[in-house]
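A.B. asks: 3D model of this:
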Amino acid sequence: MTHKAIDDRFHQLVSVHAPLRQLGTGFTFTEGPLWHPKDQTLLFSDMPADVRRKYTPGQGVAEVMRPSHKANGLTYDAQLNLIACEHSTSSVVRFAPDGRREVLATHFEGRELNSPNDVVVRSDGAIFFTDPTYGRMEGFGVPRPTVMGFQGVYMLPPGHRPGDEAVLVSDRYMFSQPNGLCLSPCEKFMWVNDTDQANIRFFDVGADGQLRNARIFASGIQEAGRPGVPDGMKVDDKGNIFVTAPGGIWVYDFHGIKLGEIGVPELTANLHWGGADWSTLYICASTSVYELQTQTRGKEESFMKPGAGAGTAASLSAPAIQSGGLEIETVIDRLDPARCALIVQDMQNDVIIDGGAFAGSGSPVHAKQQNVVANSARLLEACRRCGVLVCHVWFVCEPGHPHLGQHSALLRGLKEANALVRGTWGVQPAQGLEPQGDDLVIEKMSMSAFPTSRLDAHLRMAGRDTIINTGAWTNMSVEHTARTAADLGYTVILPEDACSTMNADWHKASVNFAMQNVATVTNVDAVIAALG
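C.D. replies: Predicted coordinates:
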C-alpha cells in the first residue's frame with residue numbers, strides 16, 4: 001500500500017513507496033506497541049483477547065501474559081519497569097522486569113477511574129494518562145456502570161506513592177473520550193486527541209503538570225467510508241505528530257499542518273518507534289502488527305536513553321536485595337503521621353561517637369559507614385514537620401551504677417566501662433540529634449525501650465500505634481525494642497540506614513533475619529515519602 005504526501009516535507013519523514021511489512025496476524029485487536037531498548041523486542045496488547053504478546057525479530061510472536069486485565073496503552077519508565085493501563089481493573093499498574101505487579105492508581109476523589117487508556121512518562125518520572133470509558137464496554141473491557149461522571153487526563157506526580165489517588169490535570173468536561181496523548185520533545189507542550197470529537201488539542205504543560213491554554217491542533221479526523229479515528233498518537237524528535245486516522249496514520253507538523261498519510265490496510269489503533277536506531281515505526285492495526293521504515297525517529301523517551309534500566313528493583317515496593325546484601329523495601333505504604341511515633345534510641349556519645357565508652361567496639365566506625373547521624377537528623381526533621389511524635393530514648397545510669405542489674409554480660413560491661421552516667425558527656429545525645437520543641441525524652445535501664453520506661457504509656461495516651469524504630473545498636477536495643485513493640489501490638493517500621501551497631505555483619509544479620517519477622521524494613525527516604 002502506498003502512502004500519500006500532501007506537503008513536500010512528508011518525503012523527509014516517510015518515503016511514499018516505503019513497504020509496510022506484516023509481522024504477525026490473526027489477533028483479536030492489537031494495541032499499545034512498545035519497543036524494549038535492551039531486549040530489542042516489541043511488546044503489544046491483544047486487548048479484547050486479554051493477552052499481552054511479544055514480537056522477537058527472527059522468532060515471531062509469543063504470548064507473555066494471560067490474563068492481562070485487558071491492558072491497553074503501554075510504556076516504560078526510566079528504570080524499564082512496564083507501565084500499563086488496565087481496562088478490566090480501571091488501574092494504572094507497574095510491572096518489574098521479573099513480573100512483579102504493583103497498582104499505582106485506581107481512584108480520583110474517592111471514585112474509581114473509568115478505564116485508563118494511554119500513557120506517557122515525563123523525564124522527571126511523572127506519569128500522564130487518559131481515562132475514557134472504553135474499558136467499561138463489551139469487548140474492550142468489562143461491561144459495568146461508570147461512576148466518575150466525566151472523562152479526563154490525569155497525572156501521577158514524581159514521587160507518587162502506589163495507591164495514592166491520581167491528580168486531574170485537565171478540565172473535567174472538555175473531553176468526550178480522551179485517548180492518545182504525547183509530550184513534545186521539550187516537554188513544555190502536550191497533545192491529547194479525542195476519539196468522539198475527532199480532534200487533537202494542544203496544551204501548555206505547567207511545572208505542576210496541569211494542562212493549560214487549550215487550543216484545537218487538528219479537527220475533522222474522520223471520513224465516511226474510510227475506517228479510522230484518532231486513537232494512538234506519537235511525536236517524532238522534530239515535533240511532528242503521527243496519529244491514527246481514516247486509512248491508517250495521518251502526519252502533522254508542529255503547527256497542525258497536515259503533511260501526509262501512511263496507508264495501512266486495517267483499522268489502525270496505535271503506533272510507536274523502535275528498532276536499533278528508533279527509526280522503525282511499529283503499527284498495531286486490528287488483527288495484525290506491522291513495521292514501516294521511516295526517515296525520522298521517535299521523540300526520545302527516558303527509557304530510550306543510554307543507561308535506562310538502572311535501579312529497576314528499587315522502584316518497586318516488594319523486597320529487593322540492596323547493596324551490602326540487605327533486604328529492604330524501598331517503597332512502603334502511606335503512613336498517617338498522627339498515628340506514628342519516631343523512636344531515636346541510644347544515639348548517645350558513649351554509644352556511637354569516637355571517645356565514647358564503647359568506641360573500642362567499632363560502633364563509631366559503623367555509625368559513620370551508615371551515615372546514621374545525618375540520616376537520623378533528616379528523618380527527625382521530616383517527622384517534626386508533619387506531626388509525628390518524636391521520642392528520644394536514652395540509657396541513663398546514676399553515678400556508680402547502683403541500680404543497674406549485673407545479671408548479664410551487657411549490663412556488667414556497661415558498669416565496667418563507667419558508661420552512660422547522668423551528667424557526663426557520654427550520656428548526652430550525639431551532636432545533631434538533640435531534642436527540640438515538643439520532643440519527648442524517655443529514660444530507660446534496659447535493652448528494649450519498653451520494660452523500664454514509660455514509653456508504652458506515652459504512645460497509648462497519644463494514640464500512636466505505629467513505631468518508626470531507629471537507633472543504636474541494631475542487633476541489641478533496636479531489635480529488642482522491635483520485638484517487644486510487636487508483642488505489644490504496635491506496627492514497627494525500621495529504616496535501616498538510621499540504625500547502626502558494632503559492624504556491618506551484625507547489622508546485616510539483624511536486619512535480614514530477626515527484623516524481617518517483626519518489622520517492615522526500609523530506609524529513611526521511603527519513610528519520609530510515606531509520611532508525605
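A.B. asks: so who does residue 291 touch?
C.D. replies: Residue 291 is in contact with 20, 21, 23, 280, 281, 282, 283, counting by Cβ atoms under 8 Å, 6 or more residues apart in numbering. Bear in mind the C-beta positions are built from the backbone N, C-alpha and C, glycine included.
A.B. asks: out of those residues, who's nearest residue 444?
C.D. replies: Using Cβ to Cβ, residue 282 is the member of the contacts of residue 291 that lies nearest residue 444, at 63.9 Å.
A.B. asks: isn't the closest one right next to residue 42, touching?
C.D. replies: Yes: contact criterion Cβ atoms under 8 Å: residue 282 and residue 42 qualify, at 5.5 Å.
A.B. asks: any residues in contact with both of those two?
C.D. replies: What both residue 282 and residue 42 touch, as defined by Cβ under 8 Å, 6+ apart, is the set 23, 33, 35, 274, 289.
A.B. asks: Arrange those residues in a markdown table, one row each, with secondary structure, neighbour count and distance to residue 356 as further columns.
C.D. replies: Listed next are the shared contacts of residue 282 and residue 42 as a markdown table, based on DSSP: H, G, I helix; E, B strand; the rest coil; neighbours: other Cβ atoms under 10 Å; distance: Cβ to Cβ, whole Å:
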| residue | secondary structure | neighbour count | distance to residue 356 |
| --- | --- | --- | --- |
| 23 | strand | 16 | 68 |
| 33 | strand | 27 | 62 |
| 35 | strand | 23 | 57 |
| 274 | strand | 23 | 59 |
| 289 | strand | 23 | 67 |
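A.B. asks: so which of those residues would you say is closest to residue 375?
C.D. replies: residue 35 (39.6 Å).
A.B. asks: from memory that closest one sits against residue 277, does it?
C.D. replies: No: assessed by Cβ under 8 Å, residue 35 is found out of contact with residue 277, at 11.2 Å.
A.B. asks: Looking at the shared contacts of residue 282 and residue 42, which one is closest to residue 454?
C.D. replies: residue 35 (61.0 Å).
A.B. asks: The closest one pairs with what?
C.D. replies: On the basis of DSSP bridges, residue 35 is bridged to residue 42.
A.B. asks: still on that earlier bit, PyMOL command to pick out the buried ones of the contacts of residue 291?
C.D. replies: Remark: buried members of the contacts of residue 291, expressed as a PyMOL selection using 16 or more other Cβ atoms under 10 Å:
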select buried, resi 20+23+280+281+282+283
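A.B. asks: Among the contacts of residue 291, name the ones in strands.
C.D. replies: Those of those mapping onto strands are 20, 21, 23, 280, 281, 282, 283, per DSSP state E.
A.B. asks: Can I get those residues in a markdown table including pLDDT and distance to residue 388?
C.D. replies: Converted to a markdown table, these look like this (pLDDT from 0 to 100; distance: Cβ to Cβ, whole Å):
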| residue | pLDDT | distance to residue 388 |
| --- | --- | --- |
| 20 | 97 | 60 |
| 21 | 96 | 59 |
| 23 | 97 | 55 |
| 280 | 97 | 52 |
| 281 | 98 | 52 |
| 282 | 98 | 49 |
| 283 | 98 | 52 |
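A.B. asks: Need those residues in a markdown table (columns: distance to residue 501).
C.D. replies: Converted to a markdown table, the ones in strands among the contacts of residue 291 look like this (distance: Cβ to Cβ, whole Å):
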| residue | distance to residue 501 |
| --- | --- |
| 20 | 64 |
| 21 | 62 |
| 23 | 57 |
| 280 | 55 |
| 281 | 57 |
| 282 | 53 |
| 283 | 58 |
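A.B. asks: ok, the nearest residue to residue 187 once chain neighbours are set aside - contacts?
C.D. replies: Distances taken as Cβ to Cβ, 6 or more residues apart in numbering place residue 122 nearest to residue 187, at 5.8 Å, with adjacent residues excluded. Neighbouring residues of residue 122 by Cβ under 8 Å, 6+ apart: 128, 183, 187, 209.
A.B. asks: Which pLDDT value belongs to residue 122?
C.D. replies: Predicted confidence (pLDDT) for residue 122: 95.
A.B. asks: can you check the one 3 residues further on too?
C.D. replies: Predicted confidence (pLDDT) for residue 125: 93.
A.B. asks: Also residue 517?
C.D. replies: 88.
A.B. asks: Check the gap between it and residue 115 for me.
C.D. replies: Look at residue 517 and residue 115: by Cβ to Cβ, to the nearest Å, they are 40 Å apart.
A.B. asks: Who has more neighbours out of these two?
C.D. replies: Neighbours around residue 517 and residue 115, counted as other Cβ atoms under 10 Å, are more numerous at residue 115. The numbers are 29 against 9.
A.B. asks: got the contact list for the more buried one?
C.D. replies: 72, 85, 86, 87, 90, 131, 132, 133, 134, 135, 136, 141.
A.B. asks: Please, which helix or strand holds the first one?
C.D. replies: Of the helices and strands defined by DSSP states H and E, residue 72 is found in strand 71-76.
A.B. asks: what lines up beside that strand in the sheet?
C.D. replies: strand 82-86 (antiparallel).
A.B. asks: Just the C-alphas of the strand it pairs with, formatted as PDB.
C.D. replies: Extracted in PDB, the C-alpha atoms of strand 82-86 (Å, rounded to 0.1, in the frame of the first residue of the first chain):
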ATOM      1  CA  LEU A  82       6.500  -1.500  32.400                       C
ATOM      2  CA  ILE A  83       3.600   0.900  32.900                       C
ATOM      3  CA  ALA A  84       0.300  -0.500  31.800                       C
ATOM      4  CA  CYS A  85      -3.300   0.900  31.600                       C
ATOM      5  CA  GLU A  86      -5.700  -1.900  32.500                       C
END
